[in-house]
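[1] I would like to see how this sequence folds:
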Amino acid sequence: DLIVRTDSDGERISSKQQKKMEELTLHHQKFSLPTGVRMHVVSCGPSPPSAPSPSQSALGEEGAAGARRRPLRCYPLVLVHGFPDTWYGWRNQIRFLASRGFRVLCPDLRGYGDTDRPRGRAHYRMEALCGDLLGLLDRVGAERAVFVGHDWGGTLVWNLSAHHPERVAAVAGVCTPFFAPDPARNPWTALRRGEGDRRFDYQRYFHSDAAVAEFERDPERALAIMIRGTAEQDRQALDVDAELAKRLPTDRKSLLNHVRNEKVPRSLTVMPSARDLSFYASQFERSGFHGAMGWYRNVEENWRWNCKTAGKKMNRVALMVTTGRDKILTAKQARRLMLNNPLLPNLTMRHVEAAGHWVMQEQPQQFNKILLEWLEANICDETIFSRL
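    Predicted coordinates for the structure are as follows:
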């Protein structure tokens, strides 16, 4: 059930708006993409309106130039999930945004949910994954779209905007910042040797079959550990071996064994509910984790591909949402990488302090307010596409 709660910092939902949201239908479709992948997509909301006439321009401009400055509502809005997630991670946003007039598309990405899950790590290179999103636009007849990505989805949409700017009207990352490629530094070299940032050692562990087996042994337990709120009572609900937790996943050959609970209690506050967790578990019991972890296994290949865009300015309207409790993708890191970055001249940064990595579920009202205000405040100047 898509329940949008309210708090003092979030978007107040009137009973009329709540009823309108509840009446919106989620459409589940399968698209055969040019990449050879059959993609499951949840859609909701009206078809995007046609370009406004000059007199209807959001900025009140006249003449041909005004007609090329289109509100972001004129484009499909594609919500892109990360790990370990599916379209369902956006359940608090889909109907909310559709009720505000946006045509929302929310796919299960390659390797997840009801989308194809081919074997072999080469299928999960960033170039191929971007190809899936381009193929989705082709199948729905959209020249371009607004893309919002969380976690791996954030990496995907930043890369899509860099490599295929002609298909991106605007781009937003949630928790995941834009990592500008450095041709002089192969990130796989340090990660492979265990010399990189300790926070990302789990990514090296995910290269192993043991990691897939650990998560597939009990998907509901794995997901209850991974997807949880950050309130004190949620943290206290876990019986954690503090000493074991300090050791690297590649050292202890596990990401989950620091939690002693055999039956892991779900978060006690806002997310996920028992119903949510059961749905997630059913998704991964069917899909397994081999495809999801395949995304982590192409570090060097992705770096080589992304180096083609090194130093390239991203002229799209962009949004970066950070949180105060994400211990891996920290707000400090995002500010260092993105704030005043000349490659991101049209960037807006927003922050949700009382949330962790799963901000769209933990603080949906505050997150929805941030996203909607950004979407409604910005336009896409289509004259930039003629200069690409």
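[2] what bits of the chain have low per-residue confidence?
    The chain contains residues with pLDDT under 70 at 1-17, 19-20, 48-67, 386-388.
[3] Where does the closest residue in space to V148 that isn't next to it in sequence fall, secondary structure wise?
    Closest residue in space to V148, ignoring its immediate chain neighbours: A172 at 4.3 Å, by C-beta to C-beta, 6 or more residues apart in numbering. Bear in mind the C-beta positions are built from the backbone N, C-alpha and C, glycine included. Using DSSP states H and E, A172 falls within strand 168-174.
[4] what's the answer for R204, then?
    Assessed by DSSP H and E, R204 sits inside helix 201-205.
[5] could you pull out the helices for the stretch 201-350 of the chain?
    Along the stretch 201-350 of the chain, counting by DSSP state H, counting those that start in this stretch, helices occupy 201-205, 209-217, 219-226, 232-236, 242-246, 249-252, 274-287, 290-294, 299-306, 331-338.
[6] and among these, the most buried is which?
    Counting by mean count of other C-beta atoms under 10 Å, helix 290-294 has the highest mean neighbour count of those, with a mean of 23.
[7] That one packs against which elements?
    If you count contacts as 3 or more C-beta pairs under 8 Å, 6 or more residues apart in numbering; DSSP states H and E, helix 290-294 packs onto helix 209-217.
[8] could you give the angle of the helix it packs on to helix 219-226?
    When axes from the mean of the first three to the mean of the last three C-alpha atoms, to 10 degrees is applied, the directions of helix 209-217 and helix 219-226 differ by 110 degrees.
[9] which other residues reach helix 209-217?
    Helix 209-217 has contacts (C-beta atoms under 8 Å, 6 or more residues apart in numbering) with P84, Y205, A222, K253, S254, L255, L256, F284, G288, F289, H290, M293.
[10] Would you mind listing the two of those residues that lie farthest apart?
    K253 and F284 (20.8 Å; C-beta to C-beta).
[11] With adjacent residues omitted, what lies nearest to the residue nearest the centre of the chain?
    Of all residues in the chain, the one closest to the mean position by C-alpha atoms, centre = their mean is H150, 2.0 Å from it. The shortest distance from H150 to any residue other than its chain neighbours is 4.1 Å, reached at V174 (C-beta to C-beta, 6+ apart).
[12] Same question for L343.
    K313 (5.3 Å).
[13] coming back round to it: residues in contact with the strand holding A172?
    Applying C-beta under 8 Å, 6+ apart, the set of residues contacting strand 168-174 is 70, 72, 75, 144-151, 153-154, 157-158, 160-161, 314, 316-321, 359-360, 367, 371, 374-375, 378, 380.
[14] From those, list the buried ones, please.
    Those of the contacts of strand 168-174 that meet the buried threshold are 70, 72, 75, 144-151, 153-154, 157-158, 160-161, 314, 316-321, 359-360, 367, 371, 374-375, 378, 380, by 16 or more other C-beta atoms under 10 Å.
[15] Let's see which of those end up in helices.
    If you go by DSSP state H, the buried ones among the contacts of strand 168-174 have G153, G154, V157, W158, L160, S161, V359, M360, F367, L371, W374, L375 in helices.
[16] just checking, the first one touches H81?
    Yes: between G153 and H81 there is a contact under C-beta atoms under 8 Å: 5.1 Å.
[17] Now do the strands in this protein.
    Counting by DSSP state E, the segments of the chain that form strands are 27-32, 38-44, 69-71, 77-80, 104-107, 145-150, 168-174, 317-323, 347-352, 379-381.
[18] Same list (those) but as TSV, adding distance to R266.
    Listed next are these as TSV, based on distance: least, C-beta to C-beta, whole Å:
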stretch	distance to R266
strand 27-32	25
strand 38-44	23
strand 69-71	40
strand 77-80	23
strand 104-107	23
strand 145-150	20
strand 168-174	22
strand 317-323	20
strand 347-352	21
strand 379-381	40
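[19] For the closest residue to H207 other than its chain neighbours, what are phi and psi?
    Closest residue to H207 apart from its sequence neighbours, by C-beta to C-beta, 6+ apart: R297 at 5.5 Å. Torsion angles at R297 (phi, psi; degrees, to the nearest 10) stand at phi -100, psi 20.
[20] measure R297 to L129 for me?
    In this view, R297 and L129 are 12 Å apart by C-beta to C-beta, to the nearest Å.
[21] of those two, who's got more company?
    Using other C-beta atoms under 10 Å as the criterion, R297 and L129 rank with L129 on top: 26 against 18.
[22] Pretty sure P219 sits against F284.
    Yes: between P219 and F284 there is a contact under C-beta under 8 Å: 4.2 Å.
[23] re earlier: wait, isn't the residue nearest to the centre of the chain in contact with H81?
    Yes: H150 lies in contact with H81 (C-beta under 8 Å); the separation is 6.1 Å.
[24] Pull the number of nearby residues for the residue lying closest to F279 once chain neighbours are set aside.
    Distances taken as C-beta to C-beta, 6+ apart place Y88 nearest to F279, at 6.2 Å, with adjacent residues excluded. By other C-beta under 10 Å, the residues close to Y88 number 18.
[25] hang on, the earlier thing: common neighbours of H150 and H81, please.
    With contacts taken as C-beta under 8 Å, 6+ apart, the residues that reach both H150 and H81 are G89.
[26] coming back round to it: can you pull the contacts of the residue nearest to H207?
    Taking C-beta under 8 Å, 6+ apart, one finds R121, Y124, F206, H207 in contact with R297.
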